[in-house]
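1. Here's my sequence, what's the structure:
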Amino acid sequence: MNQFSHAWLAFMAIKRLEKARGLSEKNREHADSLIEWFKSHKDGVIRGAWYPDSVIGDKPNSHVLKFRPGGTNTEFKQLPRTYRVYELVKDFPLRNRPFEVVDKNDNLPDRCESIAESVVDHLKIQEHEEKGSPVSPTDNQVALLLFMLSHYVADAHVPFHCDGRRFSEGKRIHAHMEDKWDKTMRHHYKINKQNDRFFYDPDGYPLLINAQQYQSSFLKKVDDELCNRKLGVSFGNGNNNVWDFMNAVCQHSYLLSYRFIPEGYDHENVTRENWQDLSEPNLEFDDLSVAVFSDAIDSIARVWFRVWRRYEKWEKKQRAKKKP
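-> Purely as a prediction, here's the structure:
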């Protein structure tokens, strides 16, 4: 994904937490605390969510976990059943066949786990140190880590980040797909290009423009999808941490990629003329986009929430210990 797509997903993850139905009273307290904290640091989201590409430069291995048919692995990890990608691939024949990792240096789930742990560590150190301590992380540093984390979580939802075929070569279908997403984002939201940030609506979220055209865009379908979906905080059965969860996401993104562009096609015979017409049964590009974006928003919201809740539970215990 490109810069403004990543930033928009981060904003929508917080909006998802703010508007979500079904959270328990205690989880709502944790969510509201995160929402309030995020809104005080949101101006850095566009740069922060783009730093993994623009500054860190840990491509390709830390942004991908690519699979291909074959090998000996036959067990797909579980995703929350509300995810759109789950519905699209649950009966896909490739799900019943073995699969394997293409490059054992790919480490996207490890990257997500490490940054998630760093967020918790930074918050704990900040709580432990006296105000003004030179070794205490700042809120801006914690925010930067959260924004970077959202980038890697989102990348796991991009089908071509999890498909061993080389769609970044040839007609560069991978880049072409992401450009289409970013152009849609730029078309429908008002962006202050001089300061590299969105203009905000009265609620503090990216300001929507071209409202009439928005009604027919895949972004409106994403909004509709999420409005009809309850937000849970589970990572899915059997997934105990961020690493497990992101592996599950990557495995399903691999299936979605093959659902969209079937076996027998690769960078040598997929063109910008035929790439949207190859799936059997037909999967429209808008439907794929809705699955990618709606599920990515939910995943960022879940990961951020679980990280924040872990810290606040720890903080509560520490405060209890200090009471006389």
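
2. ok, which stretches of the stretch 51-200 of the chain are helices?
-> Using DSSP state H, counting those that start in this stretch, the helices found in the stretch 51-200 of the chain span residues 51, 84-89, 108-128, 139-155, 173-188.

3. list the contacts for residue 275?
-> 171, 173, 176, 261 (C-beta atoms under 8 Å, 6 or more residues apart in numbering). The way it works is simple: take the backbone N, C-alpha and C, and place the C-beta from them, glycine included.

4. Output those residues as a markdown table; include the columns neighbour count and pLDDT.
-> Converted to a markdown table, these look like this (neighbours: other C-beta atoms under 10 Å; pLDDT from 0 to 100):
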| residue | neighbour count | pLDDT |
| --- | --- | --- |
| 171 | 17 | 94 |
| 173 | 24 | 96 |
| 176 | 12 | 95 |
| 261 | 23 | 97 |
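
5. Closest to residue 84 out of those residues?
-> Among these, residue 261 lies closest to residue 84 (C-beta to C-beta), at 18.0 Å.

6. buried set for the longest helix out of those in the chain?
-> Determined from DSSP state H, the single longest helix within the chain is helix 285-322. By 16 or more other C-beta atoms under 10 Å, the buried positions in helix 285-322 come out as 287-311.

7. any low-confidence regions in this protein?
-> 324 (pLDDT under 70).

8. swap the cut-off to 90 and go again
-> Scanning the chain for pLDDT under 90 picks out 20-23, 43-44, 59-60, 127-132, 134, 192-197, 210-212, 230-232, 280-282, 318-324.

9. quick one: contacts for the residue nearest to the spatial centre of it?
-> Nearest to the geometric centre of the chain sits residue 154, at 2.5 Å (C-alpha atoms, centre = their mean). Each residue near residue 154 by C-beta under 8 Å, 6+ apart is listed here: 1, 5-6, 9, 296, 299-300.

10. for residue 49, same thing?
-> Counted by C-beta under 8 Å, 6+ apart, residue 49 has contacts 3, 6-7, 9-10, 147-148, 150-151.

11. what's the closest of these to residue 114?
-> residue 148 (10.8 Å).

12. distance of residue 302 from residue 239?
-> 10 Å (C-beta to C-beta, to the nearest Å).

13. go on, residue 272?
-> From residue 272 to residue 239 the distance is 37 Å (C-beta to C-beta).

14. If you count surrounding residues, which of the two has more?
-> Using other C-beta atoms under 10 Å, the more surrounded residue of residue 272 and residue 239 is residue 239, with 19 against 11.

15. Quickly find the element holding the nearest residue to that one once chain neighbours are set aside.
-> The shortest distance from residue 239 to any non-neighbouring residue, by C-beta to C-beta, 6 or more residues apart in numbering, is to residue 245 (4.6 Å). Using DSSP states H and E, residue 245 sits in helix 242-260.

16. So residue 22 belongs to a helix, correct?
-> No: with DSSP: H, G, I helix; E, B strand; the rest coil as the criterion, residue 22 is coil rather than part of a helix.

17. neighbours around it, how many?
-> Residue 22: 11 neighbours (other C-beta under 10 Å).

18. Relative to residue 30, how far out is it?
-> Noted for residue 22: a distance of 14 Å to residue 30, by C-beta to C-beta.

19. same check, this time on residue 137
-> Distance from residue 137 to residue 30, by C-beta to C-beta: 20 Å.

20. can you give me the offset of stretch 190-200 from its chain's centre?
-> 21 Å (C-alpha atoms, centre = their mean, to the nearest Å).

21. nope, stretch 313-324 is what I meant
-> 32 Å.

22. which residues sit against that stretch?
-> 120, 123-124, 127-128.

23. Nearest to residue 252 among those?
-> Proximity of the contacts of stretch 313-324 to residue 252 (C-beta to C-beta) peaks at residue 120, which lies at 26.1 Å.

24. burial count for that closest one?
-> Residues near residue 120, counting by other C-beta under 10 Å: 17.

25. which ones are touching it?
-> By C-beta under 8 Å, 6+ apart, the contact list for residue 120 reads 307, 310-311, 314.

26. for stretch 37-53, which positions count as buried?
-> Neighbour counts over stretch 37-53 (16+ other C-beta under 10 Å) mark 37-38, 41-42, 44-53 as buried.

27. One more: stretch 25-40?
-> In stretch 25-40, counting by 16+ other C-beta under 10 Å, buried: 27, 30-31, 34-35, 37-38.

28. Repeat that for stretch 210-227.
-> 214, 217-223, 225-226.
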